[in-house]
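Undergrad: sequence plus the predicted model coming up.
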Amino acid sequence: MPTRPPPNPTPPALPIRSTDPIVVLTGAGISRESGLETFRDPDGIWARVRLEDVATPEGFARDPAQVHAFYNARRRGLLDPAIRPNAAHAALAALEGFWPGGVLVVTQNVDDLHARAGSRSLIHMHGELLKVRCADCGATTDGRADLSAADACAACGRTGGMRPHVVWFGEVPLELDRIGAALADCGLFVSIGTSGNVWPAAGFVREARAGGAHTVELNLEPSEGASLFAERIHGPATAVVPAFVGRLRAVAAEATA
Ligand code: APR
């Protein structure tokens, strides 16, 4: 008689050592259960706004007021007290605290939920919604208030150049050298809540694999590049991320036993 698999099979042992560095890539999906919108889901931001209008240098040059209105609304949304880090952000912050090999979180998100949860080894490769930058002199400062084309830069005094410190399509993401070095060196690469549509982040799994890392996708559904990952776990971030971090905790505990 054929035997059935058990209802909750034990996941395979992770082929990593506790001294291996970990790189985690996150996208909008990790913040969805905190109440923030994703981009490419049917109810996502790009279903109701044209990215060419609000997320390109050309769109900003054409209509700065429209771009400011878009980011002002998102900034106000992020500052709503109801928006808080969720169990997935918290699990990654805990991982940084107990993993001997070191953890780098690289996020495509411009929200501050990883930092609020306690992640400190963190790169915002697409910038930060709570920072503003002067396009004229490059000065970057914290900014929680609405921005407008009439605002003057506190550093150079010029008006018209103040913009969100957010990387737009056609611009180069931040800290790519540091990210590349970390991907080449890591023993585990985990991608969480990203559709794998936007480069260069979509190529990180290949870079990590080239360096010999184990690769894992944690996403609500298979992403564009799901087949590139050695392991794929699909479900909501608040369930699958804490469970996966639990497996890493077991690896760390075994090493010290
Ligand atoms: N848990 C886990 N994954 C989720 C959840 C959830 N609760 N909800 C949605 N997802 C998944 C979706 O299935 C999708 O694959 O998160 C992914 C979100 O994909 P996108 O909306 O494309 O967001 P992201 O990949 O972060 O976009 C990358 O595109 O427009 C730009 O600059 C923007 O940084 C952004 C970049």
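TA: In hand now; what should we look at?
Undergrad: which residue ranges of the stretch 101-250 of the chain form strands?
TA: 103-107, 122-124, 127-134, 140-142, 162-166, 188-192, 214-219, 231-234 (DSSP state E, counting those that start in this stretch).
Undergrad: what residues are bridge-paired with the residue positioned nearest the centre of the chain?
TA: Nearest to the mean C-alpha position of the chain, counting by C-alpha atoms, centre = their mean, stands Thr107 at 2.5 Å. The partner list for Thr107 in beta bridges (DSSP bridges) reads Thr26, His124.
Undergrad: these two touch, right, it and Glu128?
TA: No. Checked against C-beta atoms under 8 Å, the pair Thr107 and Glu128 is beyond contact range at 9.7 Å. Backbone N, C-alpha and C define where each C-beta goes, glycine included.
Undergrad: follow-up on the earlier one: what sits against the residue nearest to the centre of the chain?
TA: Counting by C-beta atoms under 8 Å, 6 or more residues apart in numbering, Thr107 touches Leu25, Thr26, Gly27, Ile30, His114, Leu122, Ile123, His124, Met125, His126.
Undergrad: want to try a markdown table for those, with neighbour count as columns?
TA: Shown next, in a markdown table, are these (neighbours: other C-beta atoms under 10 Å):
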| residue | neighbour count |
| --- | --- |
| Leu25 | 27 |
| Thr26 | 28 |
| Gly27 | 26 |
| Ile30 | 33 |
| His114 | 28 |
| Leu122 | 20 |
| Ile123 | 19 |
| His124 | 24 |
| Met125 | 21 |
| His126 | 22 |
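Undergrad: for Ala88, grab phi and psi.
TA: As for Ala88, its main-chain torsions (degrees, to the nearest 10) stand at phi -70, psi -40.
Undergrad: next, count neighbours for it.
TA: 30 (other C-beta atoms under 10 Å).
Undergrad: oh, and call the first residue 36 from now on, that's how I've got it
TA: With the count now opening at 36, the last piece we talked about shows up as Ala123.
Undergrad: quick check: residues of the stretch 186-292 of the chain near the ligand?
TA: Proximity of the stretch 186-292 of the chain to the ligand, by C-beta under 6 Å from any ligand atom, involves residues Gly228, Thr229, Ser230, Asn232, Val233, Asn254, Leu255, Glu256, Ser258, Pro271, Ala272.
Undergrad: can you flag the buried ones in those residues?
TA: Buried subset of these (neighbour count, 16 or more other C-beta atoms under 10 Å): Gly228, Thr229, Ser230, Val233, Asn254, Leu255, Ser258, Pro271, Ala272.
Undergrad: quick one: which of those residues is nearest to Ala184?
TA: Nearest to Ala184 among these, counting by C-beta to C-beta, is Val233 at 27.4 Å.
Undergrad: OK, contacts around the closest one?
TA: For Val233, the contact set (C-beta under 8 Å, 6+ apart) comprises Gln143.
Undergrad: separation between His124 and Asn144?
TA: Separation of His124 from Asn144 (C-beta to C-beta, to the nearest Å): 10 Å.
Undergrad: same deal with Thr45?
TA: Going from Thr45 to Asn144 by C-beta to C-beta gives 32 Å.
Undergrad: more crowded one of the two?
TA: Applying other C-beta under 10 Å to Thr45 and Asn144 shows that Asn144 carries more neighbours, namely 24 against 7.
Undergrad: and the pLDDT for the more buried one?
TA: The model reports Asn144 with a pLDDT of 98.
Undergrad: all set now, cheers.
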